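Visitor: pasting the structure only:
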């Protein structure tokens, strides 16, 4: 076997191996360990997120009622108010 061919093959194997090792290293390095404190914070934030979604839903309903009152004719609004008394 020619010396140049042997050097070429060794270099190709070395480059391929280093590439694969760097890919594996980067893949494993992207996932940092999650502490118990971080898990607790995520759980608290998820609960707060649910509460805020519920509040937003209620506010959207109230806004829809206010928009309906503002855009309805005055006489119809007065009749609805009277019917509530």
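Guide: That came in fine, so what should we check first? Remember, it's a predicted structure, so these values are computed and weren't measured experimentally.
Visitor: how distant is stretch 69-85 from the center of its chain?
Guide: 43 Å (CA atoms, centre = their mean, to the nearest Å).
Visitor: Pull out the buried positions in it.
Guide: The neighbour-count check on stretch 69-85 (16 or more other CB atoms under 10 Å) flags nothing as buried. C-betas here are computed from N, CA, C, even on glycine.
Visitor: Which parts of the chain are helices?
Guide: Counting by DSSP state H, residue ranges of the helices within the chain are 3-29, 36-71, 74-84.
Visitor: Turn those helices into CSV, including mean pLDDT.
Guide: Formatted as CSV, the helices of the chain follow (pLDDT from 0 to 100):
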stretch, mean pLDDT
helix 3-29, 89
helix 36-71, 92
helix 74-84, 80
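Visitor: now residue 27: how far from residue 34?
Guide: 17 Å (CB to CB, to the nearest Å).
Visitor: Equivalent analysis for residue 63, please.
Guide: Residue 63 is 39 Å from residue 34, by CB to CB.
Visitor: now residue 73
Guide: Counting by CB to CB, the gap from residue 73 to residue 34 is 58 Å.
Visitor: which residues sit in contact with residue 15?
Guide: By CB atoms under 8 Å, 6 or more residues apart in numbering, the contact set of residue 15 is empty.
Visitor: Distance check, it against residue 6.
Guide: 15 Å.
Visitor: before we move on, what about residue 22?
Guide: 25 Å.
Visitor: Residue 58 now?
Guide: 76 Å.
Visitor: cool, and residue 57?
Guide: 72 Å.
Visitor: likewise residue 67?
Guide: Counting by CB to CB, the gap from residue 67 to residue 6 is 81 Å.
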